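> could you work out the structure for the sequence below:
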Amino acid sequence: MAVMSRKGWLLNLREGPTPYADAWALQKALIGARQREELADGLILLEHEPVFTIGRSARADHLLVPREFLTGKGFEVYDIERGGSVTYHGPGQLVGYPILDLRAYNEDVVKYVRSLEETILRTLQDFGLAAQRLRGFPGVWAGHEKIAAVGVAVKRKVTMHGFALNVGPDLAPFDYINPCGIGRPVTSMARLLGRPLPVDEVRLAYARRFAEVFDLTLGAVAREDLLRAASGYAAASA
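Model (predicted):
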């Protein structure tokens, strides 16, 4: 007899690029709801307005220009609680924030990160793109170029932050940082395929692969329905 996968939710934010602060506050509220078992496990998919985020492992030389230079060009810059170094988010990049209780995955953070990488590897395969892991550096690589960043945080056994897959973003802002601190270039699915690739073309494929790897049956949910369960959202956004 086949084992049924667990039910989860999928929030697809499609109304345009999401401000980073808004998504950060939403994650914090949903984490609280998940910790209180008011929500099942789920996944947020979105694109961000142009922003640089600096993780706990970042060193001063990973940001190649002063912060004032970035803010002067209209970029936002945030120090955040995820692992990893500095990265860029912007339109054309698929960003995923899983809200998962790790107790269902043996509380193994390393295995969780490997599983996130696996969801991206399988999604890239769906588009005929070969990629791989690079030992010692979370994320996904196409040859010597980075195509997806992974950086997570776990709060009272519930995950936040996640991954950023370069579908077809402007790659120029990556010139302002040293991703992972190892001096390797970045690439995108569109560049490798040699054609424009809308993020919406990748969302569905990714959600399917995420559900497969994490053994979830994802049901689409509206933001308002999630917020009803996340009573701390207004306070977190204030």
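
> alpha carbons only for contacts and neighbour counts from here, please
Fine.

> how deep is E49 tucked in, by neighbour count?
E49: 17 surrounding residues under other C-alpha atoms under 10 Å.

> hmm, it is touching H89, no?
Yes: using C-alpha atoms under 8 Å, E49 is in contact with H89, at 7.1 Å.

> contact partners for R122?
R209 (C-alpha atoms under 8 Å, 6 or more residues apart in numbering).

> can you give me the helices in this protein?
Using DSSP state H, the helices of the chain run over 20-35, 67-72, 109-126, 189-193, 200-214, 223-229, 233-237.

> wait, which of these is closest to P169?
With C-alpha to C-alpha, the closest approach to P169 among these belongs to helix 189-193: 8.5 Å.

> so A164 makes contact with G92?
No: counting by C-alpha under 8 Å, A164 stays clear of G92, with 10.2 Å between them.

> look up the pLDDT of the closest residue to F214 other than its chain neighbours for me, please.
In space, and not counting its chain neighbours, F214 is closest to S115: 7.7 Å by C-alpha to C-alpha, 6 or more residues apart in numbering. Per-residue confidence (pLDDT) for S115: 96.

> the residue nearest the centre of the chain bridge partners, please.
The centroid of the chain falls nearest to F163 when counting by C-alpha atoms, centre = their mean (2.6 Å). Beta bridges link F163 to G96, V150 when assigned by DSSP bridges.

> quick one: it from P98, how far?
9 Å (C-alpha to C-alpha, to the nearest Å).

> how about I147?
With C-alpha to C-alpha as the criterion, I147 and P98 are 19 Å apart.

> next: D225.
D225 is 17 Å from P98, by C-alpha to C-alpha.

> what do you get for S188?
Using C-alpha to C-alpha, we find S188 at a distance of 22 Å from P98.

> how many other residues sit next to P19?
Considering only other C-alpha under 10 Å, P19 is surrounded by 15 other residues.

> from memory it sits against E49, does it?
Yes: if you go by C-alpha under 8 Å, P19 and E49 touch, sitting 5.4 Å apart.

> low pLDDT regions in the chain?
Residue ranges of the chain with pLDDT under 70: 1-4, 56-61, 83, 179-183, 230-238.

> hmm, try it at 80
1-5, 55-63, 83-85, 136, 178-184, 229-238 (pLDDT under 80).

> from the helices of the chain, which stretch is densest packed?
Comparing the helices of the chain by mean neighbour count (mean count of other C-alpha atoms under 10 Å), helix 20-35 ranks first with a mean of 20.

> what's it packed up against?
Contact here means 3 or more C-alpha pairs under 8 Å, 6 or more residues apart in numbering; DSSP states H and E; on that basis helix 20-35 packs against strand 93-99, strand 158-166, helix 223-229, helix 233-237.

> who does the third one touch, helix- and strand-wise?
Contact here means 3+ C-alpha pairs under 8 Å, 6+ apart; on that basis helix 223-229 packs against helix 20-35.

> now the helix it packs on and strand 93-99, what's the angle there?
Relative orientation of helix 20-35 versus strand 93-99 (axes from the mean of the first three to the mean of the last three C-alpha atoms, to 10 degrees): 30 degrees.

> send the alpha carbons of helix 20-35 over as CSV?
Presented in CSV, the C-alpha positions along helix 20-35 are these (Å, rounded to 0.1, in the frame of the first residue of the first chain):
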residue,chain,number,x,y,z
TYR,A,20,12.6,42.3,0.9
ALA,A,21,11.4,43.7,4.2
ASP,A,22,7.9,42.5,3.4
ALA,A,23,8.9,38.9,2.7
TRP,A,24,11.2,38.9,5.7
ALA,A,25,8.4,39.9,8.0
LEU,A,26,6.0,37.4,6.4
GLN,A,27,8.5,34.6,7.0
LYS,A,28,8.9,35.5,10.7
ALA,A,29,5.1,35.5,11.1
LEU,A,30,4.7,32.2,9.4
ILE,A,31,7.5,30.6,11.4
GLY,A,32,5.7,31.6,14.5
ALA,A,33,2.5,30.0,13.2
ARG,A,34,4.3,26.9,12.2
GLN,A,35,5.9,26.6,15.7
